[in-house]
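In: have a look; sequence and predicted model below, questions after that.
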Amino acid sequence: MTDQTNADPGKTGLGAPAKLVLAALGVVFGDIGTSPLYTFKLAFGQEYGLAVTEANVLGVLSLVFWSLMIVVTIKYVLVIMRADNKGEGGIIALMALAQRSLPLASETSYLVGILGIFGAALFFGDSVITPAMTVLSAVEGMEELSSHLHQFIVPITLAIVLVLFAVQRHGTEKVGSLFGPVMAVWFIALGVLGAIALAEQPQVLAALSPVWGAKFFIAHKVGALLALGAVVLAVTGGEALYADMGHFGKVPIRNAWLFVVLPALMLNYLGQGALLLSDPTAAANPFFRLAPAALLVPMILLATMAAVIASQAVISGAFSVARQAMQLGYLPRLELKHTSAETIGQVYVPWVNRMLMLAVVVLVIGFHSSERLAVAYGVSVTGTMLIDTLLLAVVASSRWRMPTSVIALALALFLSVDLAFLIANSVKFFEGAWFPLAIGVIVFTLMRTWRRGRGLMSDEIRRDKQSLDAFIRQLKTTPVARVPGTAVFLTAANDVVPHAMLANLRYNRVLHERVVLLTVESLDSPRADELERWHTVDLGSGFSRVNLRFGFMEDPNVPRTLAALAETGYALDVRSLVYFASRETVVAKKDKGMALWRDVLFAFMARNTVSATKFFHVPGNRVVEIGTQVEI
């Protein structure tokens, strides 16, 4: 299989700098890197009732190892990371890449869009559970110091979570430089502790053979399938390797995984297995039982720091996904703040931050322990992984033109694993697995309602509107007063007369000497090429049409882009521009548009959206907003 991408050679060359590998350790691998805190603890806990026997320990170890190899190493690292969208990864980038390979407006393209958006919605469920799960698991290590400390686990966890979300507004640029070194120490500690225990019980290395996994299934049958609900915890965070590809490049992430993270994780899992063979009572918390008594407190502190870093990664990921969804028109424009002057990708979305914080607090209070919470952990993760597999099949077939037999073979392998994990987690639906799924369904409903509502509103605005070409011709026979300067009318439909222009004529009876009809378009690629950044058309009579295009990973700064356009020789005095925009008030009508409850929901979202001028960074003192009412 050859690479079919437009990767950045500066990031993906064979000489990828070690500092990118270190940085990737701190951002990409936090989630999967903290999985040893709870995977074995759950597998041999009360939930699955597995006895601590040699056959069971080796069986679970074998399933963990081959899950890491098939799902993370083969599927994500070796295959899916080849499907980059101009260097970017993640489920939205994969969805856009798949859709670009299909005929426009086809049923398959529509289905791909539905799958991609539902996968993105499930990511928000993961963004809620990961902070609660990882921080709880780390703080629970205090019980190894004294059972009397149990009562403080939930309060301390809540305190850490509240502080974590409170600092999001300040960004992570300053402390982010510490993430890589801390996680490097974490992975070294995982490997060393595991290797020490492994040296005492080297027979657990036999678990690397898939035979032990097969024996485990033969012995436990349905019970083994259910136990995959614990095994899947070992691969949570695997999708982050693909999602963060645009920040670090393929080679640094692959090198970090193959030479640091995977060896450290497997040494630790093997060490936990060796510990259980020598001391079955260690099943209560095998991770912290690996540490010598003198190192227990440092390990609890290190685990807590690693948990915070893992949580930070998914929270930042949620902000990024929200921004991408806004750019593609699946979410209303929300307040968005840049937390770094140098790194444009670092953003903070206050509304998303508040909702995530509230949901995490509810989870911690409602579930109390990582063992109970782990039951709810896998549904959103496995759902996203399953959708990734389906989208990959579309890309491989329509874009890479791979043989059908090869696609079918890979699909059978990946889908069998994904579906097994999904079934294992779904059976725990009423025990807590419903929570992340409910979050995903809610977010999906919001996204689809906004997308559909925007389409209906656009159709309504266009209805009975005068053609711009006809309006310009009419001006030649019925001239109006023109005043000096340039007016920029923000409009989604630049072939009809904007409402703001008609209102300005109605009330002020004047037009500016130059009128620019400005439309901002979002592309299905992460960044717009410079050659497609803008398109201008002179319409005559002082009118012109300007289209600005931005990728879904870009910041749509209109004044800055117009200034860049003016530097190319386009006649535009950006210092004296006056912007006109319409502010639509949506009114829901029964038996019109969507179901009434969706119309009402869309109207509520529209009322709370950030104005287009603010979202596009237009200075407020140069904006004239004119309201209009739209019925859907």
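Out: Cool, the structure landed.

In: contact partners for Lys589?
Out: 599, 631-632 (C-beta atoms under 8 Å, 6 or more residues apart in numbering). C-beta coordinates here come from the backbone N, C-alpha and C atoms, glycine included.

In: sec struct for it, please.
Out: With DSSP: H, G, I helix; E, B strand; the rest coil as the basis, Lys589 sits in coil.

In: check it and give its pLDDT.
Out: In this model, Lys589 is scored at 80, pLDDT.

In: now it: how far from Ala492?
Out: According to C-beta to C-beta, to the nearest Å, Lys589 stands 21 Å off from Ala492.

In: mind checking the SS state of the most centrally placed residue in the chain?
Out: The chain has Val321 as the residue nearest its centroid, 4.2 Å off, counting by C-alpha atoms, centre = their mean. With three-state DSSP as the basis, Val321 sits in helix.

In: you'd agree it is up against Ala121?
Out: No: look at Val321 against Ala121 with C-beta atoms under 8 Å: they stay out of range, at 9.1 Å.

In: surely Arg549 is in a strand?
Out: Yes: judged by three-state DSSP, Arg549 forms part of a strand.

In: just the pLDDT for it.
Out: pLDDT, Arg549: 94.

In: start at 50, not 1
Out: Will do, 50 is the new start, and the previous item becomes Arg598.

In: contacting residues for it?
Out: Counting by C-beta under 8 Å, 6+ apart, Arg598 touches 569-572, 577, 581-584.

In: filter the residues you listed down to just the buried residues.
Out: Neighbour-count burial (16 or more other C-beta atoms under 10 Å) applied to the contacts of Arg598 gives 569, 571-572, 577, 582-583.

In: pick the one among the residues you listed closest to Phe665.
Out: Val569 (6.3 Å; C-beta to C-beta).

In: torsion angles phi and psi at that closest one?
Out: Backbone torsions of Val569, given as degrees, to the nearest 10, read phi -100, psi 120.

In: gap between Ala292 and Ile129?
Out: For Ala292, the distance to Ile129 - C-beta to C-beta - is 10 Å.

In: overlap of the contact sets of those two?
Out: By C-beta under 8 Å, 6+ apart, the residues touching both Ala292 and Ile129 are Gly138.

In: low pLDDT regions in the stretch 100-249 of the chain?
Out: 221-225 (pLDDT under 70).

In: try the chain
Out: Using pLDDT under 70, the flagged stretches of the chain are 50-66, 221-225, 389-395, 513.

In: give the contact list for the residue of it most remote from its centre.
Out: Distance to the chain centre peaks in the chain at Thr526, reaching 54.4 Å (criterion: C-alpha atoms, centre = their mean). Counting by C-beta under 8 Å, 6+ apart, Thr526 makes contact with nothing.

In: may I have the phi/psi pair for it?
Out: The phi/psi pair for Thr526 (degrees, to the nearest 10) is phi -100, psi -30.

In: ok, it to Ala519 distance?
Out: From Thr526 to Ala519 the distance is 11 Å (C-beta to C-beta).

In: next: Ala169.
Out: For Ala169, the distance to Ala519 - C-beta to C-beta - is 41 Å.

In: please apply the same query to Ile123.
Out: Taking C-beta to C-beta, one finds Ile123 at 60 Å from Ala519.

In: and the two? Which one has more around it.
Out: Using other C-beta atoms under 10 Å, the more surrounded residue of Ile123 and Ala519 is Ile123, with 16 against 10.

In: what about that one, distance to Gly287?
Out: 11 Å.

In: leaving out the residues flanking it, which one is nearest to His199?
Out: Spatially, and ignoring its direct neighbours in sequence, His199 is nearest to Glu192 (5.6 Å; C-beta to C-beta, 6 or more residues apart in numbering).

In: OK, contacts around Gly320?
Out: Counted by C-beta under 8 Å, 6+ apart, Gly320 has contacts 242-247, 339.

In: just the ones of those in helices?
Out: Members of the contacts of Gly320 lying in helices (criterion: DSSP state H): 242-247.

In: okay, these in TSV with neighbour count and distance to Gly591 next?
Out: Shown next, in TSV, are those (neighbours: other C-beta atoms under 10 Å; distance: C-beta to C-beta, whole Å):
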residue	neighbour count	distance to Gly591
Leu242	25	74
Gly243	26	73
Ala244	16	76
Ile245	16	79
Ala246	25	79
Leu247	23	78
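
In: ok, which stretches of the stretch 250-399 of the chain are helices?
Out: 259-269, 271-280, 288-292, 294-297, 299-305, 311-327, 335-338, 345-376, 399-416 (DSSP state H, counting those that start in this stretch).
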